[in-house]
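Participant: what follows is a protein structure lacking sequence information:
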């Protein structure tokens, strides 16, 4: 068993509740594996900071329904307890026609909350704890709780966490209202003025930029020791597959997308017989990586060498590939720009043909310049003949991306599923774009984007999770091996 932490809507305190649970469990020297529903990069950083274990994303859009089940089963069995933080409100997802092959059939089922927290709870057959923001509620809390409990009979609400409770009198009103429902209250969090995590234009400020984070986590652990009903919670959190109903004997990663079938990836991953070294940019400017992607590279024979475009003056020695994840290069644009020796070294390596992945923030770093929110321009690598400009408009959502040409990672005509989340735009579009992008759940064209020239790069705003698409990292490692041989 394990437990899903869900909210009745966004902003009710799911992350605070999750971190409080994790901090209190870890203070007791309990090993706990955490998961995050959806494509989020930043919340998993906080999970990792607390538990010391890499948080895993559970996202059937970016991967598949079967991969979500496989990922959860594989990693939850390695720890004594497991906890899943949901996304948005419990039933907030997208509409999707889905079956195990990703094909449309006469008997297809439309899932109206695909990729929601509820969808994940159903897939994994797990109970849900519902977090309710009570700051502006008293008697109405019962109607909210009753509605969520009765909306979907396949979702088991194990209990409630009442967040932002103002006073003893307030708590008494809430309990009196909820009493007829006989629904366990598993936690009560009072309004906290001394516990806060700052945010900015893409969500919470990442952990690497918060020197006081350990003090905040300690306060959360103190809170968790007293605010939860641990006698009821601990049995729900304990890992194991007692409640699982699905069969993993074949471990098939069948895709659940519509349209476009990636097919069966099977149980085996091709391992390279020759090790390559891949330089992975990881610092305060670049830190958006799915742990599963890094694991796959290692399983395929890559040695990952972490380095900092902010602090290092040279690329790591003897590398045959470069991987730039997303992050906040716009926040550190001046520091990146002033590291002239490093910029020259990286540009030279790319122009000499080293295979290079650049997602979102990485794409921005490959441009001629980044124009920040204040309108100041900062020179970057200049590999791509365009500039990235910060703006107020947020580009957000799942994407179905169709490759218009071959790139470092994929072949022309291939359909991949990813996610965009950025406030920057490129001043000029590529003459030969990598992708035609569409909304995941309909045929609405979102435009053309991405760069595959020179041929050794894959630069795009679209974040990809490779869990159900092992051919992508296989292709990257293959190109790194070829570069190593040619060198």
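Facilitator: It's in. Quantities reported herein were computed from a predicted structural model and do not represent experimental measurements.
Participant: how about the helices in the stretch 51-200 of the chain?
Facilitator: Residue ranges of the helices in the stretch 51-200 of the chain, as given by DSSP state H, counting those that start in this stretch, are 65-76, 117-124, 141-151, 168-178.
Participant: go through those and pick out the most buried.
Facilitator: Greatest average neighbour count among the helices of the stretch 51-200 of the chain goes to helix 117-124 (a mean of 24), per mean count of other C-beta atoms under 10 Å. Glycine gets a C-beta too; all of them are placed from N, C-alpha and C.
Participant: what average pLDDT does that one get?
Facilitator: Average pLDDT, helix 117-124: 97.
Participant: got the angle between that helix and helix 141-151?
Facilitator: When axes from the mean of the first three to the mean of the last three C-alpha atoms, to 10 degrees is applied, the directions of helix 117-124 and helix 141-151 differ by 40 degrees.
Participant: give me the distance from helix 117-124 to the chain's centre.
Facilitator: The chain centroid and the centroid of helix 117-124 are separated by 16 Å, computed with C-alpha atoms, centre = their mean, to the nearest Å.
Participant: which other residues reach that helix?
Facilitator: 2, 4, 6-7, 37, 58, 60, 65, 68-69, 72, 84, 86-93, 111, 113, 126-128, 152, 154-156, 244, 246 (C-beta atoms under 8 Å, 6 or more residues apart in numbering).
Participant: in strands, which of those residues fall?
Facilitator: Using DSSP state E, the members of these that fall within strands are 4, 6-7, 37, 58, 84, 86-89, 111, 113, 128.
Participant: output the below-cut-off pLDDT ranges for the stretch 201-350 of the chain.
Facilitator: Scanning the stretch 201-350 of the chain with the threshold set as pLDDT under 70 gives 240-274.
Participant: mind listing the strands in the stretch 351-487 of the chain by residue range?
Facilitator: If DSSP state E, counting those that start in this stretch is used as the criterion, the strands of the stretch 351-487 of the chain fall at 356-359, 369-371, 377-379, 387-403, 415-426, 435-439, 445-449, 457-460, 463-464.
Participant: partners of the fifth one, with directions?
Facilitator: Sheet pairing of strand 415-426 (DSSP bridges) gives strand 387-403 (antiparallel), strand 463-464 (antiparallel).
Participant: can you name the residues in contact with the shortest one?
Facilitator: Around strand 463-464, the neighbours that count as contacts under C-beta under 8 Å, 6+ apart are 39, 62, 288, 293, 326, 359-360, 409, 416-421, 472.
Participant: filter the residues you listed to the buried ones?
Facilitator: Among these, those scoring as buried are 39, 62, 288, 293, 326, 359-360, 409, 416-421, 472 (criterion: 16 or more other C-beta atoms under 10 Å).
Participant: could you single out the nearest of these to residue 20?
Facilitator: Distance ranking of the buried ones among the contacts of strand 463-464 against residue 20, using C-beta to C-beta, places residue 39 first at 23.6 Å.
Participant: residues in contact with that closest one?
Facilitator: Each residue near residue 39 by C-beta under 8 Å, 6+ apart is listed here: 57, 59, 61, 62, 398, 419, 421, 463, 465.
Participant: wait, a strand at it?
Facilitator: No. According to DSSP: H, G, I helix; E, B strand; the rest coil, the state of residue 39 is coil, so it is not within a strand.
Participant: quick one, what contacts the spatially closest residue to it that is not a sequence neighbour?
Facilitator: The shortest distance from residue 39 to any residue other than its chain neighbours is 4.1 Å, reached at residue 419 (C-beta to C-beta, 6 or more residues apart in numbering). Residue 419 makes contact with 39, 61, 62, 397, 398, 399, 462, 463 under the criterion C-beta under 8 Å, 6+ apart.
Participant: and with 10 Å instead?
Facilitator: By C-beta atoms under 10 Å, 6 or more residues apart in numbering, the contact set of residue 419 is 38-41, 59, 61-62, 360, 396-399, 440, 461-465.
Participant: ok, of those residues, which come out buried?
Facilitator: Neighbour counting over the contacts of residue 419 (16+ other C-beta under 10 Å) leaves 38-41, 59, 61-62, 360, 398-399, 440, 461-465 as the buried ones.
Participant: just name the lowest-scoring one in the residues you listed, pLDDT-wise.
Facilitator: The weakest per-residue confidence within the buried ones among the contacts of residue 419 falls on residue 440 (85).
Participant: Provide a list of residues in contact with that one.
Facilitator: Neighbour list for residue 440: 61-62, 94-96, 114-115, 257-258, 397-401, 417-419, 446 [criterion: C-beta under 10 Å, 6+ apart].
Participant: same thing but at 6 Å, please
Facilitator: With contacts defined as C-beta atoms under 6 Å, 6 or more residues apart in numbering, residue 440 is in contact with 61, 398, 400.
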